[in-house]
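J.: Need coordinates for the following:
(one chain, ligands or ions: 2)
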Amino acid sequence: MDIQKSTFRGSWEREDAMGFNALPEFAFIGRSNVGKSSLINMLCNHKGLAKISSTPGKTQTLNIFDIDGKWQICDLPGYGYAKVSKEKRFLFSNMIKHYLEQRENLICLFVLIDLRIPPQTIDLEFINWCGESSIPFSIIGTKADKVGKNNLEETLKIYTDKLFEVWVELPPIFVSSSEDKTGREDILKYIKECMKKDK
Ligand code: GTP
Ligand code: MG
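T.: Ligands and ions are numbered 1, 2, ... in the order given. Model prediction:
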């Protein structure tokens, strides 16, 4: 599956303000700066579609992108951004929580983890919450270009070992790089399969 046309549909601060939409939706989440917006641009082959910044906390709303008029992407704010006030951080998590729990057309949530660093408690806790809350999710390890091919397998094993401490079965795990487009084909193929299954 390839993408011909990707366009920005809008930004929302609350799931209930978004309105019902029947198009299948795929959302991207992870700690601030993990590379959510970059990955969306890479998948869509569309530089500048989602706003990118080297300063964490760039994406602060639920941003929806229309893909070929057939499906949608939601770029979510990062979690674990400590520099915002307590009140704002609380709002973030409620916004994300409501979106994930209420969004009827959400087919799959991609949880992004930064492969350059060891497994982070906040990511593991979030993944566990997804499992417990029956949110359909998959995992994408980002910034693979910074890990090096030889270290990739070992890096992934550290993550899967950590997850197997809690779970007996793991969702699909992809590896990506927005720099060299690693993972693009596999992730788009998976999205296509998910949409077929949903029909
Ligand atoms: P927030 O919106 O702040 O939550 O961040 P985000 O997760 O959307 O991250 P974003 O895509 O804005 O990228 C953050 C930084 O990481 C930017 O400086 C990107 O250029 C860099 N980055 C993202 N993906 C990759 C990647 O695959 N490889 C490398 N080397 N850098 C990346
Ligand atoms: Mg972003």
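J.: burial of residue 101, as a residue count?
T.: Residues lying near residue 101 (other C-beta atoms under 10 Å) number 12. (Each C-beta comes from the backbone N, C-alpha and C, glycine too.)
J.: wait, residue 79
T.: 18.
J.: how close does it get to ligand 2?
T.: Note on residue 79: its distance to ligand 2, by C-beta to the ion, to the nearest Å, is 12 Å.
J.: and that residue, what does it touch?
T.: If a contact means C-beta atoms under 8 Å, 6 or more residues apart in numbering, then residue 79 has 29, 30, 31, 32, 92, 93, 96, 122, 126 as its contacts.
J.: contacting residues around the closest residue to the first one other than its chain neighbours?
T.: Counting by C-beta to C-beta, 6 or more residues apart in numbering, residue 76 is the residue found nearest to residue 29 once chain neighbours are left out, at 4.5 Å. With contacts defined as C-beta under 8 Å, 6+ apart, the neighbours of residue 76 are 27, 28, 29, 36, 59, 62, 63, 96, 99.
J.: from these, which are also near ligand 1?
T.: When the contacts of residue 76 are checked against ligand 1 using C-beta under 6 Å from any ligand atom, the ones in range are 36, 59.
J.: Of the contacts of residue 76, which one scores lowest on pLDDT?
T.: Across the set of these, residue 59 stands lowest in pLDDT, at 73.
J.: on that earlier part again, among the contacts of residue 79, which are located in strands?
T.: When DSSP state E defines the strands, the subset of the contacts of residue 79 inside them is 29, 30.
J.: Pull out the buried residues from the contacts of residue 79.
T.: 29, 30, 31, 32, 92, 96, 126 (16 or more other C-beta atoms under 10 Å).
J.: Just the closest of the residues you listed to ligand 2, please.
T.: residue 32 (7.6 Å; C-beta to the ion).
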